[in-house]
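S.K.: Any chance you can model this:
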Amino acid sequence: AFEVSLSNLERMCGLYARGHHGLYRVDEASNFANLWATGGASLILSGGGGVEELAGGLVSTCADFARFCLMLARNGELDGVRILRPERVELLSSNLLPRALRTRNSW
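M.R.: Here you go, the predicted structure:
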């Protein structure tokens, strides 16, 4: 999903980045003020954003994301079921950001 329902917002953790003086929070302290809350103005949904935006991508549970990563690590298979072809996993594992962002040093 690209947004989190209001009933599940309390389950969201903060989003942090590493700076010169340690970790700092890059999202709003109140989950209700963040763009991924239902009704928020996520640019990706309104057609003006991209993956480099703070609220530009998918949100998921840790368990679901771990299963997604496990599927990638198993070359597209999960629980004995083929989800993606191996060449799609290779594409997903490629650095496509320089082309998408028109920069040379993105990853």
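S.K.: could you point out which element follows the helix or strand bottoming out on mean pLDDT in the chain?
M.R.: When each helix and strand of the chain is scored by mean pLDDT, DSSP states H and E, helix 43-46 comes last, with a mean of 50. Per DSSP states H and E, helix 43-46 leads on to helix 62-73 as the next helix or strand towards the C-terminus.
S.K.: what residues does that following helix touch?
M.R.: The contact list for helix 62-73 (CB atoms under 8 Å, 6 or more residues apart in numbering) reads 60, 77, 78, 83, 84, 89, 92, 93. Backbone N, C-alpha and C define where each C-beta goes, glycine included.
S.K.: By neighbour count, sort out the buried ones in those.
M.R.: The neighbour-count test (16 or more other CB atoms under 10 Å) applied to the contacts of helix 62-73 identifies 77, 84, 89 as buried.
S.K.: rewinding a little: save the contacts of helix 62-73 as JSON lines, and put in distance to residue 8 too.
M.R.: Formatted as JSON lines, the entries for those read as follows, by distance: CB to CB, whole Å:
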{"residue": "60", "distance to residue 8": "11"}
{"residue": "77", "distance to residue 8": "29"}
{"residue": "78", "distance to residue 8": "24"}
{"residue": "83", "distance to residue 8": "25"}
{"residue": "84", "distance to residue 8": "27"}
{"residue": "89", "distance to residue 8": "29"}
{"residue": "92", "distance to residue 8": "26"}
{"residue": "93", "distance to residue 8": "30"}
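S.K.: Lovely, talk soon.
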